[in-house]
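# Could you work out the structure for the sequence below:
(2 chains)
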Number of protein chains: 2
Amino acid sequence: MTLADSVLSGSRLALSRLLTQVENGTVEGYTTLNLLFPNTGQAHLIGVTGAPGTGKSSLVNQLALQYRKRTKKRVAVIAVDPTSPFTGGAFLGDRVRMRDLSGDPDVFIRSMASRGSLGGLSHATAAAAQVFDAAGFEIILIETVGAGQAEVDIARLAHTTLVVEAPGLGDDIQAIKAGILEIADILVINKADHDGVENTERALRGMLELAHPVKRVFSHHGKLETLEGASEPDLESWIPPILRTIATEGTGVIELIEHIEQHAHHLRQTGDWQRRERSRLENELNTLIQDALAERFRSGISVECYQQVLAEVVDRKVSPWQAMKVLLNGGCT
Amino acid sequence: MTLADSVLSGSRLALSRLLTQVENGTVEGYTTLNLLFPNTGQAHLIGVTGAPGTGKSSLVNQLALQYRKRTKKRVAVIAVDPTSPFTGGAFLGDRVRMRDLSGDPDVFIRSMASRGSLGGLSHATAAAAQVFDAAGFEIILIETVGAGQAEVDIARLAHTTLVVEAPGLGDDIQAIKAGILEIADILVINKADHDGVENTERALRGMLELAHPVKRVFSHHGKLETLEGASEPDLESWIPPILRTIATEGTGVIELIEHIEQHAHHLRQTGDWQRRERSRLENELNTLIQDALAERFRSGISVECYQQVLAEVVDRKVSPWQAMKVLLNGGCT
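You can find the predicted model right below:
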């Protein structure tokens, strides 16, 4: 039985092995993924991002637990830490807390970290999501820590992106995360029993209006407005709701799942689901092409030659444009 | 006389023409720039960025004026508006206000906008800066509006980056600009006679500490601290100062210039000047190579073929990785 067959037949060992292969960017990994790819396209990818201290991991655990209880859907969790060079460590430690989930054969948890593999963490995460998708996991929770460009890239993989905040982290931290807000489909204030939850919600609401100025019109009275004379609300506009949860007690998690499902429904109704899939796949294809072209170029030029040409640029002997022409025409004289 | 010779001999007409060629990415532009490139590397590139309403343009005008008065250095201003598809318009209108500068042959002002030229605005701005550098302009002020990725890219061109704020623009606007703070070498609160200047400074100081957490140690007592037993302050650390100006009255502009000069001195002393030059040129070279590879790839594949392969990916018939292999091996069957 091939690795692909083993994964499709439900072997957790095979799944785990393929994830490692794919994460390391091996030929076996990609070859198997090629065979599995026709089985993908079924899963709902849910990105969960937020600063450390927001209780994001607990929330992801609760989401996995409640998804299992309420929907019976198979759930995968990809926990990504772009700041860690190692898979494991404190971040993996969070997973140990998932006692309620361990032993459930329809839940699979995978921690990933930047190992410097070809194509980087974003590629590896995309590939891992495809593996889970092909293996029949219908809900894939992609958890990322922090708020950098890596987060944004990874969040772009998802159909639905949750941004998690918590009261009392200070306006400063929220400020740094402003860029992240723009990709939020749902905002979650976790630890909603802590002091300052009203302030956090007010701040988020203000930043949300800045991030989605056009949508402000539609939320003016707190609900979708129809254009005068129009018979239907504007299907194109999704106003990110702000929800409160207390993940440690499970409070608000079911309501959060309902909103996630509503968002999926909205995406399918408006055709955004297909558009996101298409643009994600095109983006992945283009990045693979770009990387392969760069790789092919590098393998045709020696490091010494590249360094020599670069040194001539730094010494202002040749312009960057001339240097590019030299390098693209095969290199040094 | 060639265009390059005319530019070197100080012809403003030739300079203007070359800037247009370079902005449009023509062969004449690049060929001339190749000839001029050995003359570059003398100028101090100063990026000035900030949200609309901060009085940034007035500040740039005052900087140009005072640089001329105090240092006699030749000054170029590149005013970049990534949001405008046209060179000119309201943005160019600001330049009309520069009455004090008009007629000075050692000042040159150029507005640039995204014309969709090959390589984009960031390339065009880099090339324009090289033109001015070769033409003997020692101070090049690169003014950008807004706070997007384009700003950050353009700011990376500069040796010294000024981020301009103003009181009363609201914490929200500052929040959106958090990413920009990380590239600031000097923070300027313009319109310092307006209400709320204390709040703005407090907010900036807070965000600065978040953006440069490591440097907080060194500014603990408001000045550079030496490590115990060390005989010299840590040359590597530059703490972005926060300065106040009232550009319309010229207040604080000379002090600002002094800090800009201190920053240049710091860069030269630590070797950061050379490192920034090198990394900027390497980055420019790599981007040129990447663009040329992509262009070469596109010209070898028909749009129909690309769309056909992409459609097969979207239909889950072939994986992105397989599609990349097909396209790199010359295309469709």
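
# State which one residue of the stretch 1-150 of chain A is found closest to chain B.
Residue nearest to chain B within the stretch 1-150 of chain A: residue A:37 (3.7 Å; C-beta to the nearest C-beta). Where you see a C-beta, it was placed from the backbone N, CA and C, and this is true even at glycine.

# Pretty sure that residue sits against residue B:316.
Yes: using C-beta atoms under 8 Å, residue A:37 is in contact with residue B:316, at 6.1 Å.

# neighbour-wise, which of those two wins?
The neighbour count for residue A:37 versus residue B:316, taken as other C-beta atoms under 10 Å in any protein chain shown, is higher for residue A:37 (23 against 16).

# Just list the residues touching that one, thanks.
A:130, A:134, B:316, B:318, B:319, B:322 (C-beta atoms under 8 Å, 6 or more residues apart in numbering or on different chains).

# Let me have those residues in CSV, adding secondary structure, pLDDT and distance to residue B:266 as columns.
Shown next, in CSV, are the contacts of residue A:37 (DSSP: H, G, I helix; E, B strand; the rest coil; pLDDT from 0 to 100; distance: C-beta to C-beta, whole Å):
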residue, secondary structure, pLDDT, distance to residue B:266
A:130, helix, 94, 49
A:134, helix, 96, 54
B:316, coil, 95, 56
B:318, coil, 94, 54
B:319, coil, 93, 51
B:322, helix, 93, 52
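
# Looking at those residues, which is nearest residue A:159?
Closest to residue A:159 out of those is residue A:130 (13.8 Å), distances taken as C-beta to C-beta.

# contacting residues around that closest one?
Shown in contact with residue A:130 (C-beta under 8 Å, 6+ apart): A:33, A:36, A:37, A:40, B:319.

# 10 Å - rerun?
Neighbouring residues of residue A:130 by C-beta atoms under 10 Å, 6 or more residues apart in numbering or on different chains: A:22, A:33, A:36-37, A:39-41, A:43, A:45, A:140, A:157, A:284, B:319-320.

# cool, and residue A:11?
Residues in contact with residue A:11 (C-beta under 10 Å, 6+ apart) are A:1, A:3, A:5, A:17, A:18, A:135.

# Grab the nearest non-local neighbour of the fourth one.
In other words, residue A:17. Nearest residue to residue A:17 in three dimensions, chain neighbours excluded: residue A:3, at 6.8 Å (C-beta to C-beta, 6 or more residues apart in numbering or on different chains).

# In contact with the one you found, which residues are there?
A:11, A:14, A:15, A:17, A:18, A:21, A:28, A:29, A:31, A:32, A:35, A:36.

# Counting neighbours, what do you get for the last one?
It stands for residue A:36. With neighbours defined by other C-beta under 10 Å, the count for residue A:36 comes to 22.

# which residues of chain A score low on pLDDT?
For chain A, the stretches flagged by pLDDT under 70 are A:81-100, A:114-120, A:145-152, A:154-155, A:169-181, A:210-236, A:333.

# So what are the structural domains in it, by residue number?
According to automatic domain parsing, chain A comprises the domains A:40-293, A:301-328.

# May I see the contacts of residue A:37 arranged in CSV, with distance to residue B:49 as well?
Putting the contacts of residue A:37 into CSV (distance: C-beta to C-beta, whole Å) gives the following:
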residue, distance to residue B:49
A:130, 40
A:134, 46
B:316, 44
B:318, 44
B:319, 42
B:322, 43
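
# with these in mind, which one is nearest to residue A:164?
Taking C-beta to C-beta as the measure, residue A:164 lies nearest residue A:130 of the contacts of residue A:37, at 25.0 Å.

# Tell me the helix or strand right after the helix or strand containing residue A:206.
For residue A:206, the element it lies in under DSSP states H and E is helix A:197-211. Using DSSP H and E, the helix or strand that follows helix A:197-211 towards the C-terminus is strand A:242-244.

# Who are the packing partners of that following strand?
Using 3 or more C-beta pairs under 10 Å, 6 or more residues apart in numbering or on different chains; DSSP states H and E, the elements in contact with strand A:242-244 are strand A:160-165, strand A:186-189, helix A:197-211, helix A:253-270.

# all helices of chain A, in order?
Per DSSP state H, chain A carries helices over the ranges A:3-8, A:12-23, A:27-36, A:56-71, A:89-96, A:120-134, A:149-155, A:171-176, A:178-181, A:197-211, A:253-270, A:272-300, A:303-314, A:320-328.
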